[in-house]
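Asks: structure of the sequence below:
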Amino acid sequence: MLEAKQVYGLYWQDMLAGFIGYRDNSLVLHALAEQYRGKGWSKYWWSAVCGELLESGHNEIKSSISATNLAVLNMYASLGFTFNNPQDVYHRMTPITA
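Replies: Numbering: from 1, shown residues only. Just a heads-up that it's a prediction; the model follows:
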């Protein structure tokens, strides 16, 4: 995504605070550094990125989030996202051995 220039850097006072990576009309990777969470800035950044994607010709923006991440779930709801066909996704963790 970085090579394809499909990543937005989220900056606060010239410091990288997080990023949003996208593919087509889907936000596929996103994160904020811990010190920037819970301050209400996420909604501003996500709104700006979604606006850019809509202006580039997409009629819909998609994303996937963990249902246990209530902060992100609430932020997406406040931005007008709807939750269609919710799914539980489980990941198997395997130890790395040397």
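Asks: per-residue confidence for the residue nearest the centre of the chain?
Replies: Nearest to the geometric centre of the chain sits residue 30, at 3.7 Å (C-alpha atoms, centre = their mean). For residue 30, the model assigns a pLDDT of 87.
Asks: from residue 95, how far off is it?
Replies: Taking C-beta to C-beta, to the nearest Å as the measure, residue 30 and residue 95 are separated by 27 Å. Bear in mind the C-beta positions are built from the backbone N, C-alpha and C, glycine included.
Asks: and the helices in this structure, which stretches?
Replies: With DSSP state H, the ranges of helices along the chain come out as 41-55, 70-78.
Asks: tell me which of the ones you listed sits most buried.
Replies: Comparing the helices of the chain by mean neighbour count (mean count of other C-beta atoms under 10 Å), helix 41-55 comes out on top with a mean of 16.
Asks: distance check, the residue lying closest to residue 72 once chain neighbours are set aside against residue 4.
Replies: Distances taken as C-beta to C-beta, 6 or more residues apart in numbering place residue 65 nearest to residue 72, at 4.9 Å, with adjacent residues excluded. Distance of residue 65 to residue 4, given as C-beta to C-beta: 23 Å.
Asks: who has more neighbours, the two?
Replies: Remark: of residue 65 and residue 4, residue 65 carries more neighbours, 17 against 9, as counted by other C-beta atoms under 10 Å.
Asks: right, and the more buried one touches residue 73 too?
Replies: Yes: the criterion here is C-beta atoms under 8 Å, and residue 65 meets it with residue 73 at 5.9 Å.
Asks: doesn't residue 57 make contact with residue 25?
Replies: No: when contacts are counted by C-beta under 8 Å, residue 25 is not listed as touching residue 57 (9.0 Å).
Asks: which one's more surrounded, those two?
Replies: residue 25 (16 against 7).
Asks: let me see the contact set for the more buried one.
Replies: For residue 25, the contacting residues are 53, 58, 59, 60, 61, 62, by C-beta atoms under 8 Å, 6 or more residues apart in numbering.
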